[in-house]
Structures are given as C-alpha cells and as structure tokens.
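Trainee: Quick one, structure for this:
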Amino acid sequence: MSGGLKITLRAGERIFVNGGVLKVDRKVSIELMNDVIFLLEQHVMKPEETTTPLRQLYFMIQMMLMDPALHMKARSMAKESVANLLVSVREGKILQGLAEAGELLDSERPFEALKKVRTLLPLEAASANMQEPSKEVA
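Mentor: Okay, the predicted model is just below:
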C-alpha cells in the first residue's frame, strides 16, 4: 500500500484486521500503512444471515479472513462449495462469478474472492425471486 489507506469509523463501529477485532468509542479515522486484510463491520455476515448457497459461501470466505486459525479449513470448505455450485447453478452471470471466485481462492486471494461473491448476492436474490412458483388457488 503506497501512502496508506484511510478509513473513517463511527462511534461503536468495529473493524476486523488480520483476524483481530478493533472497536472504536468515538468517530475516528485510521490509516492502514501496510498491506493488511481487513473487513468493515458492514461487510461482515452473521451466521443467521447465511440463508442461501452464495451467502453460505460468502461466510466461509469471510471466516478465512477473520480467523487465521480457521483459514485452511474454511478455504477447503469454500472451494468445495464453489465446485458444488458450479454444477448446480444455471444462471450465467452467477456461474461466471463463481468461476472467478474459485480462481481467486486458488490464487490465495480470499479478500478479492469475498468481494466477487458479494457482487453475486443480488443476482442470487433476483434469480430466487424469479424462480418462486406462483401460488394458484385450486
């Protein structure tokens, strides 16, 4: 990171940096001066939000970033999930995004894989809404 990356956090907000959790008590700006893996609280998915296959994949990749002790197990689970989704998903844009996420995982670039999967979540939601059967009264 040349020159650093400046991040502003609101009071009570958390940031996850290299597996550690930092919580600020007031509005603060921090500058990350070297390469670190970080997630802002608004990008962290809670376990109860993992209600779809892509949300589950997002959570697995997130765990790679948030808990270094779980990195290899979460990576293995994420790669298996990608492989399973590639044979079951029918929507072209989602398939392309999954293939890219899989390549990023293979290249040990989980942060970029997480960002890629995040872009697929709205597509998954739209696809699920289109596939819901209409309820007809018999």
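Trainee: quick one: residue 45 is in a strand?
Mentor: No. Going by DSSP: H, G, I helix; E, B strand; the rest coil, the assignment for residue 45 is coil, not a strand.
Trainee: Could you chop this protein up by domain?
Mentor: 5-42, 45-129 (automatic domain parsing).
Trainee: Identify all contacting residues around the lowest-mean-pLDDT helix or strand in the chain.
Mentor: Between all helices and strands in the chain, the lowest mean by mean pLDDT, DSSP states H and E belongs to strand 38-40, at a mean of 87. Contact partners of strand 38-40, identified using C-beta atoms under 8 Å, 6 or more residues apart in numbering, comprise 7, 13, 15-18, 32, 62, 65-66, 114. Quick note: C-beta positions are derived from backbone N, CA and C, even for glycine.
Trainee: Let me see the residues that make contact with the top helix by length along the chain.
Mentor: Secondary structure of the chain per DSSP state H: the longest helix is helix 110-131. Contacting residues not belonging to helix 110-131 are listed as 37, 39, 43, 52-55, 57-58, 61-62, 64-65, 75, 78, 91, 93-94, 97-98, 100-102, 104-105 [C-beta under 8 Å, 6+ apart].
Trainee: can you pull the buried residues of it?
Mentor: By neighbour count with 16 or more other C-beta atoms under 10 Å, helix 110-131 contains the buried residues 110, 113-114, 116-118, 120-121, 123-124, 127.
Trainee: Count the residues that sit near residue 30.
Mentor: Neighbourhood size, residue 30 [other C-beta atoms under 10 Å]: 16.
Trainee: which non-adjacent residue is nearest residue 28?
Mentor: residue 9 (5.5 Å; C-beta to C-beta, 6 or more residues apart in numbering).
Trainee: Run through the chain and note the low-pLDDT ranges.
Mentor: For the chain, the stretches flagged by pLDDT under 70 are 1-3, 130-138.
Trainee: which residues of it fall in strands?
Mentor: Taking DSSP state E, the strands of the chain run over residues 5-9, 14-17, 20-23, 28-32, 38-40.
Trainee: The last one pairs with which strands, and in what direction?
Mentor: According to DSSP bridges, strand 38-40 forms sheet pairs with strand 14-17 (antiparallel).
Trainee: Understood, closing this out.
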